[in-house]
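Participant: my questions concern the predicted model and sequence given below.
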Amino acid sequence: MKQQLKVAVLMGGKSAEREVSLATGRQIASALDKDKYAATTIDVDDLPHLAITPSEDRPDIVFIALHGPGGEDGSVQGFLETIGIPYTGSGVLASALAMDKVRTKYLLSTESIQTPHGMVYEKRDAAPRRRAGSEVTRNLGLPVIVKPSRQGSTYGCTVVRDETEVTPALTEAFRYDTTALVEQRIVGIEITVAALGNDDPFALPVIEIVSKDGFFDYVAKYSSGESGAVEIVPARISEEHTKEAQAIALRCHRLLGCRGMSRTDMFVTEDDEIITLEVNTIPGMTPTSLLPKAAAAAGIEFPELLDKLIEYALEKP
């Protein structure tokens, strides 16, 4: 009988996305094939113990189910590389880059991938923040989205429709990060495209996101029923836009150096342009999450998806 692979599902953590991570981790642990894997769950607080655990008692692989700072930003990935345990998803550099929306934006621009027009503010610069309302209105117009550069699940994110709301929105963003990004709010069809694989990734079907109030916030992302968003697979866009969106997702995956999986969020505008918002290196795996839905639409059920991510993690870079 083939020996089971020891998989430790790493979840929880200390970020604002702890509850989402716990939901993701539980979903993964319960869905792993019990004939193939001996699965355990660990929280970030338990992680340092792996460094002093005898090699025969260590997991063969860590399945990272963390989100946000401390989990998705390369920190955990660096620790696991230091102690020599393989892990799912992207490495240190790709994780850190994708987590930082400002740097991702700069990097995508080098490949002519369109992103929303934006401005960057630093918490330490008090004077620019005081005049931010007039600057943003003059340079970007309204409405805009104000968000922390290094955060997920729309924590600290505000839709601003009036000049007087810009500075309070920056203050809210600075609760989560020292850098804030202000971007034009894009109008159009909101879509997301997941990519799977390492050196030769492939794109999954495009998902269209229809949120109740036009803003895919935390409640819309993680709720079902009336308060949640409606997700349509395949997206109601042209075949041309579908192919272009999938190509952009693959370009982003390769450009950032992602491994295993990524999910790129975009808009198809009324002018038939595709605007890229951000790249996620550890998409959620909850019952309402987008990556599992896209995989299912491609005929990849959840246990098989987990198998693939583990296989990608064990491939040598």
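Facilitator: Here it is on my side, so go on. Remember, predicted model here, so these are calculated numbers, not experimental data.
Participant: every contact and neighbour count from this point should use C-alpha atoms.
Facilitator: OK.
Participant: how far off centre is the one helix or strand S134 maps to?
Facilitator: Using DSSP states H and E, S134 falls within helix 132-139. When C-alpha coordinates are averaged (C-alpha atoms, centre = their mean, to the nearest Å), helix 132-139 and its chain have centres 29 Å apart.
Participant: show me where pLDDT drops low in this structure?
Facilitator: Low-confidence segments of the chain, defined by pLDDT under 70: 1-2, 153, 213-228, 287.
Participant: can you show me the helices along it?
Facilitator: 18-31, 75-83, 92-99, 101-109, 126-130, 132-139, 166-173, 218-222, 239-256, 290-297, 302-314 (DSSP state H).
Participant: if we can go back for a sec, buried ones in the helix holding S134, by neighbour count?
Facilitator: A132, G133, E135, V136, T137 (16 or more other C-alpha atoms under 10 Å).
Participant: of the residues you listed, closest to I248?
Facilitator: Checking the buried residues of helix 132-139 against I248 by C-alpha to C-alpha gives V136 as the nearest, at 28.2 Å.
Participant: which residues sit against the helix holding S134?
Facilitator: With contacts defined as C-alpha atoms under 8 Å, 6 or more residues apart in numbering, helix 132-139 is touched by M119, L142, E163, T164, E165, V166, T167, V182.
Participant: next one: stretch 113-127
Facilitator: 102, 105, 108-109, 128-129, 136, 140, 174, 178-186, 248, 274-277.
Participant: export it to CSV, keeping only CA atoms.
Facilitator: The C-alpha trace of stretch 113-127 is given here as CSV (Å, rounded to 0.1, in the frame of the first residue of the first chain):
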residue,chain,number,x,y,z
ILE,A,113,-1.0,45.7,-19.1
GLN,A,114,-3.6,48.4,-18.4
THR,A,115,-4.4,49.2,-14.8
PRO,A,116,-6.6,52.0,-13.4
HIS,A,117,-5.1,55.5,-13.2
GLY,A,118,-4.0,56.1,-9.7
MET,A,119,-2.0,58.0,-7.0
VAL,A,120,0.0,56.8,-4.1
TYR,A,121,0.0,58.3,-0.6
GLU,A,122,2.3,57.5,2.4
LYS,A,123,1.2,57.6,6.0
ARG,A,124,4.3,59.5,7.0
ASP,A,125,3.5,62.4,4.6
ALA,A,126,0.9,64.5,6.5
ALA,A,127,0.9,67.5,4.2
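Participant: how far does that stretch sit from the chain's center?
Facilitator: That offset, for stretch 113-127, works out to 20 Å (C-alpha atoms, centre = their mean).
Participant: same check, this time on stretch 77-85
Facilitator: Counting by C-alpha atoms, centre = their mean, stretch 77-85 comes out at 21 Å from the chain centroid.
Participant: do stretch 61-71 as well
Facilitator: Taking mean C-alpha positions (C-alpha atoms, centre = their mean), stretch 61-71 and its chain are 11 Å apart.
Participant: and for stretch 240-249?
Facilitator: Distance, centroid of stretch 240-249 to centroid of chain: 18 Å (C-alpha atoms, centre = their mean).
Participant: for that stretch, which positions count as buried?
Facilitator: By neighbour count on 16+ other C-alpha under 10 Å, the buried set for stretch 240-249 is H241, T242, A245, Q246, A247, I248, A249.
Participant: for stretch 176-188, same thing?
Facilitator: Those would be Y176, D177, T179, A180, L181, V182, E183, Q184, R185, I186, G188, for stretch 176-188 by 16+ other C-alpha under 10 Å.
Participant: could you give the bridge partners of the fourth one?
Facilitator: Just to be clear, that refers to A180. Y121, P148 (DSSP bridges).
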